[in-house]
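Q: Sequence plus predicted model, see below.
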Amino acid sequence: MLHRSAVPSPKERPDEVRFLQSWLQNPLRTGAVSPSGRALARTMAGYVDPAQDGPVIELGPGTGPVTAALIARGVAPERLVLIEYNPEFCKLLRLRFPAATVIEGDAYNMARTLEGQLDRPSAAVVSSLPLFTRPAPERHGLLDQAFGLSVPRAPFIQFTYAVVSPVPLAPERFDAHVSQRIWANLPPARVWVYRSTAARAAAPELSALGA
């Protein structure tokens, strides 16, 4: 009698296993050992206004829990632009969200990665990147890139397990709001939302788009 192998195929592997394997291969890139829980994903998506015109950019979507929450929030899949470094996660995202634009590339250099990809400013940027693995100037630079690609006052949404802001606060450059701790997530997390204080009608990165 033939017995089915106890080892699941790649398509059958739970997302937690995929994350753990990715973390073991490159902990600084993956940052977390498991995908965001539903409560955390819903909280992050809740800061996105589906009525605001423009694409919604997601940085480090992983296996797509926040992506699914954005769609449940009312963001059309066609508006989603997902930047993911892990090629296996990219394949999975294309299977799960065929209408979304999935880009395999460097989210920390999002302006260059998205060159030629956007036809109008983004409505929001949602990030699951492990920002604490990067120096403060690079974290500030990421926000600057995001604000430069977005409509004025568009949110940059970032979760963290830490008790402090994942981006060093700079009130002269951006406002910051933090959610209550989300105890339903393991480990518990908070969501930080940053908005540029600059009242720019258009940004340098969007000049080529005619914004």
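A: Here it is on my side, so go on. The structure presented is a predicted model; accordingly, all values stated were derived computationally and were not measured.

Q: Low-confidence ranges, the protein, go.
A: 1-36, 199-211 (pLDDT under 70).

Q: Would you check how far apart the closest residue in space to V163 that isn't next to it in sequence and A136 are?
A: Sequence neighbours aside, R190 is the residue nearest to V163 in space, at 7.9 Å (criterion: C-beta to C-beta, 6 or more residues apart in numbering). For the C-beta atoms, the positions are set from N, CA and C on the backbone; glycine is no exception. Shown here: R190 relative to A136, a distance of 19 Å by C-beta to C-beta, to the nearest Å.

Q: Please identify which of these two sits among more neighbours.
A: Per other C-beta atoms under 10 Å, whichever of R190 and A136 has more neighbours is R190, with 21 against 12.

Q: For the more buried one, list the residues it contacts.
A: F159, T160, V163, V178, S179, Q180, R181, I182 (C-beta atoms under 8 Å, 6 or more residues apart in numbering).

Q: Need the residues that contact the strand or helix carrying A41.
A: According to DSSP states H and E, A41 maps onto helix 38-46. Identification of contacts with helix 38-46 by C-beta under 8 Å, 6+ apart yields 36, 65-66, 68-70, 72-73, 75, 126, 157, 159, 179, 182, 184-185, 189, 191.

Q: For PyMOL, write the selection for the buried entries among these.
A: Burial among those is assessed by 16 or more other C-beta atoms under 10 Å; the matching PyMOL selection reads:
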select buried, resi 36+65+66+68+69+70+73+75+126+157+159+179+182+185+189+191
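
Q: Mind checking which of the contacts of helix 38-46 land in helices?
A: Of the positions in the contacts of helix 38-46, P65, V66, A68, A69, L70, A72, R73 sit in helices, assigned by DSSP state H.

Q: excluding its backbone neighbours, what's nearest the last one?
A: Closest residue to R73 in three dimensions, ignoring its sequence neighbours and counting by C-beta to C-beta, 6+ apart: A45, at 4.2 Å.

Q: what number of residues lie near that neighbour?
A: 26.

Q: ditto for P187
A: Neighbours of P187 (other C-beta under 10 Å): 11.

Q: cool, and G116?
A: Other residues close to G116 by other C-beta under 10 Å number 7.

Q: Can you name the residues that contact it?
A: So G116 contacts nothing (C-beta under 8 Å, 6+ apart).

Q: now it: how far from E78?
A: Relative to E78, and taking C-beta to C-beta, G116 is found at 18 Å.

Q: Next: G62.
A: 21 Å.

Q: if I look at the residue nearest to R73, how far off is P137?
A: Taking C-beta to C-beta, one finds A45 at 29 Å from P137.
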